[in-house]
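1. Provided below for reference: sequence and predicted model.
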There are 4 protein chains.
Amino acid sequence: MPKKTFFRLSEAKRSLIERSAITVINEQGYDSATIKDIVNTAGIPRGSFYQYFNGLSDLFIHLIQIIAKRKFSYMGHLFEQLEKHPFLEMFRELTRAGLMFAKDDKEAYLFGYHLYHSQSEEVLALRARLEDEGIAMMESYLMNDANKDWLKEGTDIRMLAKMLYDFNARDLVYQFYRGDPIELMIKRTDAFINILREGVKKEASNE
Amino acid sequence: MPKKTFFRLSEAKRSLIERSAITVINEQGYDSATIKDIVNTAGIPRGSFYQYFNGLSDLFIHLIQIIAKRKFSYMGHLFEQLEKHPFLEMFRELTRAGLMFAKDDKEAYLFGYHLYHSQSEEVLALRARLEDEGIAMMESYLMNDANKDWLKEGTDIRMLAKMLYDFNARDLVYQFYRGDPIELMIKRTDAFINILREGVKKEASNE
Amino acid sequence: MPKKTFFRLSEAKRSLIERSAITVINEQGYDSATIKDIVNTAGIPRGSFYQYFNGLSDLFIHLIQIIAKRKFSYMGHLFEQLEKHPFLEMFRELTRAGLMFAKDDKEAYLFGYHLYHSQSEEVLALRARLEDEGIAMMESYLMNDANKDWLKEGTDIRMLAKMLYDFNARDLVYQFYRGDPIELMIKRTDAFINILREGVKKEASNE
Amino acid sequence: MPKKTFFRLSEAKRSLIERSAITVINEQGYDSATIKDIVNTAGIPRGSFYQYFNGLSDLFIHLIQIIAKRKFSYMGHLFEQLEKHPFLEMFRELTRAGLMFAKDDKEAYLFGYHLYHSQSEEVLALRARLEDEGIAMMESYLMNDANKDWLKEGTDIRMLAKMLYDFNARDLVYQFYRGDPIELMIKRTDAFINILREGVKKEASNE
DNA sequence: CATGAATGAGTCTTCATTCAT
DNA sequence: AATGAATGAAGACTCATTCAT
């Protein structure tokens, strides 16, 4: 957690530092990014960095959290209707909301990529925690589906939740990182959902 | 590519260096592993490293390739029957063969993890190439399924191939990395295949 | 010398700062203690420190002095009888009085340790001054002994005074610093005095 | 312990580094000496230092040890006769031998000073070890005295050994550090020994 | 080819001290 | 007087890479 000093800064300065760090880490990757580059980019003195943060991972975790919050805010309006429809349909909407966020703030959306590409203890722990929370949330909605008899019996709900979570938090982010256009990502999402919903096996038909 | 010198070494020494590098990189991650640690672990002089390789990525790519070859050899016997059965069934077998490899050579199997966690240009390129090849191969087998009318019409074959490839090359490796037991991984694989095959949507039943 | 500002503070605040500094310096040693740690421990703002003191040595010297005064107050009652008995006997009492102080205020007693472990100019000067004063005082009492014919002729009084001073101000403090129990320290003091008084050479006996 | 690399250097270079470190530490004190100053003084690159040592304390401990050995070599010839005379007499000779060393290599002799003025864990541990060894050695010779009935009954041998050890390893070194002339130190040593031997209490005389 | 010492650029991190409010 | 942010100098330590033997 950043030190108190950081939160006492003006919104402008805080934001400047955050954006600088996001830019630098997006360019070099978390494990290669240096504090030096971040302070240079932000134009603040080296020592100040340590008045604000305990180290790079401190800042990184802070960024992941505020970005998650921001991204989440794009989805807020969907939550009230979430239980009224099969979750796979809502997942499509949630995903699109996420991609709206990507459109509005490319750098921030991209930043999630690094959650999957650091070996640092803290980052791994954070990733695990976020994953657990995200998957648990999805599981609970899928349980709702099951209760409403919208899900095939025998479906491994946890596995399904995991697949959905990963697709959204990892695969899509990676596609964006690679530069795939959002339209293509939307199409792929539909194909993905379709496979999950319908399955791929041709039914023994009675034709 | 390693220099000629490397391939002129005795098999024993070559293997010693390879295994040392695998151990070090597995412990620290590719981006944090240092040449220093590798030569120390192998007990060879620092200068020798540069007589064998052009740098760390050179060695890394070499390792990925020999390991891929080794892993592949566990699956060879399956290829002749591959077109005779629906690919999802064969995928199960391929996966299990891969896990046999994991049992025999944990470190090598684990090593694939790092293919997904480096930001170095060369590694990213290698990863993309391997992915393309792997997915293309799976696609061709899935096309065979389609031709035999084993696949539901409208199935996005490329997406399906991608999902299968990722599950095998990335998700399972990650589970192993986390320390999940192989039995659990096998169960998960079955659940995964089941979802893909059957889908999760409850058919409107005529009860 | 602390600035006037410091002495205008409330007794409570002054004492808080003093105790914090003693704690920090006892833990880290004078040469490694930082102003940062002291203000953090005391919970006062960094800038305030410079309103009270000119630097760390300023505070350190102040602490040595108030502690010396406090320790001295434990011995006051002995001074009136000091000339009535051989000084070595009184030395035993003075030492015990010092150890009572140690019991009552461990941290303060311990603090003297640092007088012997700093290389800073000011501290070395202070140490020399205190030593001169202390030894001179002891010398004067030993002269009294000599006058009363309680001391063997030829005894090097200055050397004796120095030995006594060091034992009390340095050796005992160091033992306490190491964690030796006070009872042991008392026993050692007696052994020390005994050696000084009687000598260690076996008299040519007329057996 | 220095790394192997250090011992593979030419005697000249090794000695250059050792003397540079001794000079720097004597000037600034161990806790304030910096590696930067040492490498500058020696004229070697910064990185080399870390090829030779694991850190400053590593070098420091090495220096203490080689100096102790050198100092010891000045006393070697005394050891054969050590048991034939009362130890206090031999102590005078040992001390003088030490002072010969001081004359020949002022910087090295002085260096012992720092053993008593660092708070670093390693140095404290080394100091304790050396002290234990030195005191134990003296104790054994004093036991010899006791067996030969040269020592007054009831003498606390451990305390006496401690006093002798400290006087030689600490007090004399400190006097030298302060710049006292060797002749004065010799006189003081005699006075010190005299007090210990004869005691200071005037015997109840039967005059 | 083997060896391992030399080199110095590059980072992190800590703090004393100042200064504006 | 109190406060605490700003600043940058300073030092530790790590390593990739080169080079002489």
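-> Cool, got the structure. Computed from a predicted model, the values in this text were never measured in an experiment.
2. burial measure for the residue nearest to residue A:83 when sequence neighbours are not counted, as a count.
-> Of all residues not flanking residue A:83 in the chain, residue A:144 sits nearest, at 5.1 Å (Cβ to Cβ, 6 or more residues apart in numbering or on different chains). (Glycine included, C-beta is placed from N, CA and C.) For residue A:144, the neighbour count with other Cβ atoms under 10 Å in any protein chain shown is 16.
3. now do residue A:44
-> There are 18 residues near residue A:44, going by other Cβ under 10 Å.
4. gap between it and DNA strand F?
-> 6 Å (Cβ to the nearest atom of the strand, to the nearest Å).
5. just checking, that residue touches residue A:17?
-> Yes - at 6.8 Å, residue A:44 counts as touching residue A:17 under the criterion of Cβ atoms under 8 Å.
6. did I read that right, the residue nearest to residue A:83 in a strand?
-> No - with DSSP: H, G, I helix; E, B strand; the rest coil as the criterion, residue A:144 is located in helix rather than a strand.
7. OK, contacts around the residue nearest the centre of chain A?
-> The centroid of chain A falls nearest to residue A:169 when counting by Cα atoms, centre = their mean (4.2 Å). Contacts for residue A:169 (Cβ atoms under 8 Å, 6 or more residues apart in numbering or on different chains) come out as A:112, A:115, A:130, A:131, A:134.
8. got a pLDDT number for the first one?
-> Residue-level confidence at residue A:112 comes out at 94, pLDDT.
9. distance of the residue nearest to it when sequence neighbours are not counted relative to DNA strand F?
-> Distances taken as Cβ to Cβ, 6+ apart put residue A:173 closest to residue A:112, at 4.7 Å, once the chain neighbours are dropped. Separation of residue A:173 from DNA strand F (Cβ to the nearest atom of the strand): 29 Å.
10. roughly how far does residue A:173 sit from residue A:110?
-> In this view, residue A:173 and residue A:110 are 7 Å apart by Cβ to Cβ, to the nearest Å.
11. so the two - more neighbours on which side?
-> Remark: of residue A:173 and residue A:110, residue A:173 carries more neighbours, 22 against 18, as counted by other Cβ under 10 Å.
12. pretty sure that one sits against residue A:108.
-> No - assessed by Cβ under 8 Å, residue A:173 is found out of contact with residue A:108, at 11.0 Å.
13. residues touching residue A:33, list them.
-> Taking Cβ under 8 Å, 6+ apart as the test, what residue A:33 contacts is A:21, A:24, A:25, A:27, A:56.
14. rerun that using 7 Å as the cut-off
-> A:24, A:25, A:56 (Cβ atoms under 7 Å, 6 or more residues apart in numbering or on different chains).
15. state the distance from the second one to residue A:52.
-> Distance from residue A:25 to residue A:52, counting by Cβ to Cβ: 16 Å.
16. the first one too?
-> Using Cβ to Cβ, we find residue A:24 at a distance of 15 Å from residue A:52.
17. can you list the domain ranges for chain A.
-> For chain A, the structural domains run A:4-56, A:66-198, going by automatic domain parsing.
18. now those as a markdown table including distance to residue D:203?
-> As requested, the domains of chain A are exported to a markdown table (distance: least, Cβ to Cβ, whole Å):
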| stretch | distance to residue D:203 |
| --- | --- |
| domain A:4-56 | 69 |
| domain A:66-198 | 74 |
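19. nearest to residue C:61, out of those domains?
-> domain A:4-56 (29.3 Å; Cβ to Cβ).
20. I'd assumed residue A:198 was in contact with residue A:88.
-> No - using Cβ atoms under 7 Å, residue A:88 makes no contact with residue A:198, being 10.3 Å away.
21. dump the residue contacts of residue A:103.
-> residue A:182 are the contacts of residue A:103 under Cβ under 7 Å, 6+ apart.
22. isn't there a strand covering it?
-> No - judged by three-state DSSP, residue A:103 forms no part of a strand; its state is helix.
23. in chain A, which segments are predicted with low confidence?
-> In the predicted model of chain A, residues A:204-207 satisfy pLDDT under 70.
24. hmm, back to that, ok, the residue nearest to the centre of chain A to residue A:133 distance?
-> 11 Å.
25. wait, what's in contact with the closest residue to chain C within chain A?
-> Of all residues in chain A, residue A:51 sits closest to chain C, at 11.0 Å by Cβ to the nearest Cβ. Residue A:51 sits next to A:3, A:5 when contact means Cβ under 7 Å, 6+ apart.
26. one more time with 10 Å
-> Residue A:51 makes contact with A:2, A:3, A:4, A:5, A:6, A:9, A:44, A:45, according to Cβ atoms under 10 Å, 6 or more residues apart in numbering or on different chains.
27. same check, this time on residue A:201
-> The contact partners of residue A:201, by Cβ under 10 Å, 6+ apart, come to B:86, B:88, B:145, B:150, B:151, B:152, B:155, B:196, B:197, B:198, B:199.
28. from the residues you listed, which land in helices?
-> Using DSSP state H, the members of the contacts of residue A:201 that fall in helices are B:88, B:145, B:196, B:197, B:198.
29. derive a PyMOL selection command for the buried subset of these.
-> In PyMOL syntax, the buried subset of these is picked out as below (16 or more other Cβ atoms under 10 Å in any protein chain shown):
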select buried, chain B and resi 88+145+196+198
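30. output those of the ones in helices among the contacts of residue A:201 also counted as contacts of chain A.
-> Applying Cβ under 10 Å from any Cβ of the partner chain to those, one finds that B:88, B:145, B:196, B:197, B:198 fall near chain A.
31. just the residues you listed now: which is nearest DNA strand E?
-> Using Cβ to the nearest atom of the strand, residue B:196 comes nearest to DNA strand E of these, at 43.5 Å.
32. contacts only, for the closest one.
-> A:163, A:195-196, A:199-201, B:88, B:91, B:155, B:160, B:163-164, B:167 are the contacts of residue B:196 under Cβ under 10 Å, 6+ apart.
33. distance of it relative to residue C:17?
-> On the measure of Cβ to Cβ, residue B:196 and residue C:17 end up 69 Å apart.
34. ok, now residue A:83?
-> Look at residue A:83 and residue C:17: by Cβ to Cβ, they are 60 Å apart.
35. grab the nearest non-local neighbour of the residue in chain A that chain B sits nearest to.
-> Evaluated by Cβ to the nearest Cβ, chain A has residue A:199 as its residue closest to chain B, separated by 2.9 Å. For residue A:199, the nearest residue in space outside its immediate sequence neighbours is residue B:199; the separation is 2.9 Å by Cβ to Cβ, 6+ apart.
36. all strands for chain A, in order.
-> Counting by DSSP state E, chain A has no strands to list.
37. alongside DNA strand E, which residues does it contribute?
-> A:34, A:35, A:36, A:37, A:46, A:47, A:49, A:50, A:51, A:55, A:56 (Cβ under 7 Å from any atom of the strand).
38. just the buried residues of those.
-> A:35, A:37, A:49, A:56.
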